[in-house]
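1. quick one, what's the 3D model for this:
(chains A and B)
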Amino acid sequence: GAVVSQHPSWVICKSGTSVKIECRSLDFQATTMFWYRQFPKQSLMLMATSNEGSKATYEQGVEKDKFLINHASLTLSTLTVTSAHPEDSSFYICSAREQGAREKLFFGSGTQLSVL
Amino acid sequence: GESVGLHLPTLSVQEGDNSIINCAYSNSASDYFIWYKQESGKGPQFIIDIRSNMDKRQGQRVTVLLNKTVKHLSLQIAATQPGDSAVYFCAETSSGNTPLVFGKGTRLSVIA
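-> Now for the predicted structure:
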């Protein structure tokens, strides 16, 4: 199947710093990418839909100024957690849909963010 | 047996037995469903999918059943192996460019 690469796989940062997470589709073009957040022992919660060349669509309750999403090319979307705080500590997972494919999503390996 | 933990229900099965993981979905307009397997610290891994015009689909050692009347989805794993131990999520979406919505998940624990 298609491969989605997510980097870094884990990051530890101090409170107040910003962290950027990259999501790349390696062997296909993705017009749409999705960012999910997952707390321990819970399901994946959709944060935002990232569309190439346009603004991201955020789910209710997700602060767009806190979680900046950029989808500058058909193979790369980035999520920046700005001024991170301990409550932002979580597992962040990106997924990508192949251009032209209707529903099938491929997932990255996730990024474990720990804010001290 | 099956038990409900703090957040995730857990299903414990003996190695070699069949496992059945259930999922109730919420949106009657959903027409595409996927089962994912997630191991600790990793992203979800695609297992099998099914469209709403079907009620059963089989893969290698796995079968997905869809009951649209009661909005219920199940994943059956034959001859469960230790490597099947993971959290399993169902996900639903409707036609078009809509995002997947994930169910709560079930932790499968295989007893050797």
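
2. surely A:F28 touches A:E98?
-> Yes - contact criterion C-beta atoms under 8 Å: A:F28 and A:E98 qualify, at 4.5 Å. (C-beta placed from N, C-alpha, C; glycine too.)

3. overlap in contacts of these two?
-> Shared contacts of A:F28 and A:E98 (C-beta atoms under 8 Å, 6 or more residues apart in numbering or on different chains): A:A2.

4. is chain A contacted by the helix or strand hosting B:W35?
-> Using DSSP states H and E, B:W35 sits within strand B:32-38. Yes - using C-beta under 8 Å from any C-beta of the partner chain, strand B:32-38 reaches chain A at B:Y32, B:I34, B:Y36.

5. with neighbour count added, can I get these in TSV?
-> Output for these, formatted as TSV (neighbours: other C-beta atoms under 10 Å in any protein chain shown):
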residue	neighbour count
B:Y32	19
B:I34	22
B:Y36	25
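
6. contact residues of chain A facing chain B?
-> Counting by C-beta under 8 Å from any C-beta, chain A sits next to chain B at A:1, A:4, A:6, A:32, A:34, A:36, A:41-46, A:49, A:91, A:93, A:95, A:97, A:102-110, A:112.

7. so which of those sit within helices?
-> Here DSSP state H is the test, and these give no hits in helices at all.

8. sort out which of the residues you listed are buried, if you could.
-> The neighbour-count test (16 or more other C-beta atoms under 10 Å in any protein chain shown) applied to the residues of chain A next to chain B identifies A:4, A:6, A:32, A:34, A:36, A:42-44, A:46, A:49, A:91, A:93, A:95, A:97, A:103-110 as buried.

9. so what's the spatially most central residue of chain A bridging to?
-> Among the residues of chain A, the one closest to the centroid is A:W35, at 3.6 Å (C-alpha atoms, centre = their mean). In this entry, A:W35 is beta-bridged to A:A48, A:C94, by DSSP bridges.

10. neighbours around A:S83, how many?
-> The local packing of A:S83 (other C-beta atoms under 10 Å in any protein chain shown) involves 13 other residues.

11. now swap in B:T106 and tell me
-> Residues near B:T106, counting by other C-beta under 10 Å: 22.

12. so what pLDDT did it get?
-> Looking at B:T106, its pLDDT reads 96.

13. quick check, A:P8 in contact with A:T111.
-> Yes - counting by C-beta under 8 Å, A:T111 is a contact partner of A:P8 at 6.0 Å.

14. can you check which residues contact both of the two?
-> By C-beta under 8 Å, 6+ apart, the residues touching both A:P8 and A:T111 are A:I21.

15. just the C-alphas of stretch A:11-21, formatted as CSV.
-> Below are the C-alpha coordinates for stretch A:11-21, written out as CSV (Å, rounded to 0.1, in the frame of the first residue of the first chain):
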residue,chain,number,x,y,z
VAL,A,11,9.7,15.0,20.6
ILE,A,12,10.2,16.5,24.0
CYS,A,13,10.1,20.2,24.4
LYS,A,14,9.9,22.9,27.0
SER,A,15,6.7,24.7,27.7
GLY,A,16,6.3,27.8,25.5
THR,A,17,8.3,26.5,22.5
SER,A,18,6.8,25.6,19.1
VAL,A,19,7.0,22.1,17.5
LYS,A,20,6.7,21.3,13.9
ILE,A,21,5.5,17.8,12.7
